[in-house]
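[1] just to be clear, the model below is a prediction. Sequence and coordinates:
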Amino acid sequence: MKLSDLELRELIPIFMREDETVGALSTVVNEYTRRVSRELPLLHKWEQIDNMDNRQLDELAWELNVLWYSPDAPVETKRRLIKKSDMVYARLGTKWAVEEVISAYLGRASVQEFWEYDGRPHYFRIVVDNYDFSNLDVKKFLAVLELVKRKSQWLEAVRNRLHRWSKLRAAGCPVIGVKLLTHPYIAPDLQSRGNTYISSYGAIGIKLKS
């Protein structure tokens, strides 16, 4: 008997088969073992995700029903979406699920609830770092967001934090000179150099109003 064809009731002693409790338990176990049997082939595929090409990833995402998956996404994004799909499904509607999916598409992202920035109740905003919005398909982005966020919440804005780092290096030392005339002479002007640090901050984003 194959696991996919298991009928637990047939393995139970005859005098117990008519018991309603035993019958119900057998039905539950049968459904569970058949589901496990269907999912077993996925274990081999799961181990090969990092070696799959775009076509194979698209097929696996369809098989797993990853609704927020995009065939147009880069291959590394596809792999991340598939690997985390079970965890996202288990936490749909939570802040974590939104951050995980949006981070897969836009890079590091975080969700700010309305009380964190004195916003309107039931609204939230997304903060991303150094993202090039010129490549963003707004309609697809909102469609993906709608699949993972809580239905009672609405997106108010997307903020882009721009970080630019540069290094300024300087070196110096005191300069002391001695001039010999008829007696030692110490130069009165001493010169020194130090470090200078310059930083800047900017924010560019899109704001959605309802």
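    Now that the structure is in, tell me what you want to look at.

[2] is V66 in a helix, a strand, or coil?
    Following DSSP: H, G, I helix; E, B strand; the rest coil, the label given to V66 is coil.

[3] hey, where'd the strands end up in this protein?
    All strands of the chain, identified by DSSP state E, fall at 109-113, 123-129, 154-162, 202-207.

[4] remind me what the lengthiest helix in the chain packs against, helices and strands.
    Looking across the chain with DSSP state H, the single longest helix is helix 20-47. Contacts defined by 3 or more CB pairs under 8 Å, 6 or more residues apart in numbering; DSSP states H and E place helix 20-47 against helix 54-64. Where you see a C-beta, it was placed from the backbone N, CA and C, and this is true even at glycine.

[5] enumerate the positions of stretch 101-110 that are buried.
    101-106, 109-110 (16 or more other CB atoms under 10 Å).

[6] let's have the residues you listed in a markdown table, adding distance to N54 and pLDDT.
    A markdown table is the format used below for the buried residues of stretch 101-110 (distance: CB to CB, whole Å; pLDDT from 0 to 100):
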| residue | distance to N54 | pLDDT |
| --- | --- | --- |
| V101 | 19 | 95 |
| I102 | 22 | 93 |
| S103 | 21 | 93 |
| A104 | 16 | 93 |
| Y105 | 16 | 92 |
| L106 | 20 | 89 |
| A109 | 24 | 89 |
| S110 | 29 | 92 |
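
[7] many thanks, we can stop here.
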